[in-house]
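> Dropping the sequence and predicted coords here.
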Amino acid sequence: MKFVKKLVMTTAAASFAFGAASFGATAAEKWDMPMAYNDGNFHTKNGKLFAEAVGTCTGGELTITVHGGGSLFKGNEIKRAVRTGQAQIGERLLSAHANENVVFGFDSVPFLATSFSASEKLKKAANSTLTDILAKQNLVLLYSVPWPPQGLYFKKAINSVSDMKGIKFRAYNAATARLAELSGMLPVQIEAAELVQALATGVADSFISSGSTGYDKKVWEHLSHFYDTQAWLPRNTVFANKAAFDALPKTAQNCLKSSAMLAGAAGTARSEQLTGWYLTQLAANGMKVGGPGEKLAAELKAIGATMSAEWSKAAGEAGAAIVKAYSSMK
Ligand code: PCA
């Protein structure tokens, strides 16, 4: 907090020192921040707090308007929009872009990091690699926040992988599609914004996600079982267009970075705090919520091992470096 206050004061002091001239010369910068998830979602709320903090820190020299729920750009359009400067900053589930670079899927390797503390370590292990990959794509990495641990949603009790055979499964990235394939299900890629529609029309009858998305989408209206498999904690990542970032005064760049640090920490704490609450809400609305049975858990672990091996192979040296750095932190 102290750091931010100091930054605000420095910015304010600078404005005073240069007086009206500097205000006349540089109009306040306005940025748009598309986010894919609904306004009530904790990531979106956290993004709005981040935007507010940047506004305060820069004394209004940089104002960021958050557009939630995919209202400005849809989830799968956000990264390209920020790369090309159509939006100056945005949030995206980076693992959905693992087809561009396998490393983007580092947070969706089953059972590699299954708790909040492990997820934090994995993030740190991946940080410099991810920063470099994004920089080559004209993007500045600002912060990321994990979703609560991922569990499986179904319309019926599932005791083993063979019970999943032939079920239509909504996937949100390459890892979730592969999980479906390896368990005999039929994957279909669907953004969270279209999830309810897909469940209501029978395009999908199951998916893997957090209690957060199950709660946001009231999935108890369509599904009945949640298995808390705690398979991984995928991240939403906030990044800025590099040219837009570089064009800002140093003070504003520092405001973005310090506010990002706070938003990353605050969002992560909020995600952890809400994890249990979301599951209580699923149960309160009639869903059967619990851990997977022994057989199912063991079979999922085996599928996870296959997927880990596949990811490591595909991610090559960069992937190996992340896993090595992560293991050394344990
Ligand atoms: N919710 C997002 C991604 C991971 C999660 O928990 C979704 O289902 O689209």
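Structure's in. What do you need?
> which residues touch the residue nearest the centre of the chain?
The centre of the chain sits closest to residue 236, judged by Cα atoms, centre = their mean, with a distance of 1.5 Å. Neighbouring residues of residue 236 by Cβ atoms under 8 Å, 6 or more residues apart in numbering: 37, 43, 91, 92, 93, 144, 145, 147. C-betas here are computed from N, CA, C, even on glycine.
> try residue 33
With contact taken as Cβ under 8 Å, 6+ apart, residue 33 is in contact with 47, 51, 64, 65, 66, 67, 87, 88, 89, 90, 91, 238.
> Return the subset of those residues lying in strands.
Counting by DSSP state E, the part of those found in strands is 64, 65, 66, 67, 89, 90, 91, 238.
> filter those residues to the buried ones?
Buried positions within the ones in strands among the contacts of residue 33, assessed by neighbour count (16 or more other Cβ atoms under 10 Å), are 64, 66, 67, 89, 90, 91, 238.
> Can you tell me which of those is nearest the ligand?
Distances from the ligand to those, taken as Cβ to the nearest ligand atom, are shortest for residue 91 (11.8 Å).
> Wait, the closest one touches residue 240, no?
No - the criterion here is Cβ atoms under 8 Å, and residue 91 misses it with residue 240 at 10.8 Å.
> Any idea how many residues pack against residue 111?
For residue 111, the neighbour count with other Cβ atoms under 10 Å is 16.
> Check what pLDDT it gets.
Note on residue 111: pLDDT of 97.
> Please list all residues in contact with the nearest residue to it once chain neighbours are set aside.
In space, and not counting its chain neighbours, residue 111 is closest to residue 304: 4.3 Å by Cβ to Cβ, 6 or more residues apart in numbering. Contact analysis of residue 304 by Cβ under 8 Å, 6+ apart lists 109, 110, 111, 231.
> Filter those down to the ones in strands?
Among the contacts of residue 304, no residue falls in strands (DSSP E).
> can those go into TSV with extra columns for distance to residue 316?
Shown next, in TSV, are those (distance: Cβ to Cβ, whole Å):
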residue	distance to residue 316
109	14
110	19
111	21
231	23
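> Go through those residues and name the one nearest residue 207.
Checking those against residue 207 by Cβ to Cβ gives residue 231 as the nearest, at 12.3 Å.
> related to what we said a few turns ago, which pair in the buried ones among the ones in strands among the contacts of residue 33 spans the largest distance?
67 and 238 (13.4 Å).
> Contact residues of the stretch 151-300 of the chain facing the ligand?
Taking Cβ under 6 Å from any ligand atom as the test, the list of the stretch 151-300 of the chain residues beside the ligand reads 172, 192, 209, 210, 212, 213, 234.
> In TSV, list the residues you listed along with secondary structure.
Output for these, formatted as TSV (DSSP: H, G, I helix; E, B strand; the rest coil):
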residue	secondary structure
172	coil
192	helix
209	strand
210	coil
212	helix
213	helix
234	coil
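> show me the contacts for residue 296.
Residue 296 sits next to 158, 159, 160, 161, 227 when contact means Cβ under 8 Å, 6+ apart.
> Could you rank those residues by neighbour count and give me the top one?
Neighbour counts for these peak at residue 227, which has 22 neighbours (criterion: other Cβ under 10 Å).
> Check the gap between that one and the ligand for me.
14 Å (Cβ to the nearest ligand atom, to the nearest Å).
> hmm, back to that, any chance of JSON lines for the buried ones among the ones in strands among the contacts of residue 33, columns pLDDT?
Shown next, in JSON lines, are these (pLDDT from 0 to 100):
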{"residue": "64", "pLDDT": "98"}
{"residue": "66", "pLDDT": "98"}
{"residue": "67", "pLDDT": "98"}
{"residue": "89", "pLDDT": "99"}
{"residue": "90", "pLDDT": "99"}
{"residue": "91", "pLDDT": "98"}
{"residue": "238", "pLDDT": "99"}
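> wait, which of the residues you listed is closest to residue 117?
Closest to residue 117 out of these is residue 238 (21.5 Å), distances taken as Cβ to Cβ.
> my guess is the closest one contacts residue 134, does it?
No - here residue 238 does not reach residue 134: they are 11.0 Å apart, not a contact under Cβ under 8 Å.
> Could you list the low-confidence segments of the protein?
Applying pLDDT under 70 to the chain flags the ranges 1-26.
> Who are the contact partners of the closest residue to residue 209 other than its chain neighbours?
Leaving aside its chain neighbours, residue 209 sits nearest to residue 150 (6.1 Å; criterion: Cβ to Cβ, 6+ apart). Residue 150 is in contact with 208, 209, 210, 229, 230, 231, 232, 233, 234, counting by Cβ under 8 Å, 6+ apart.
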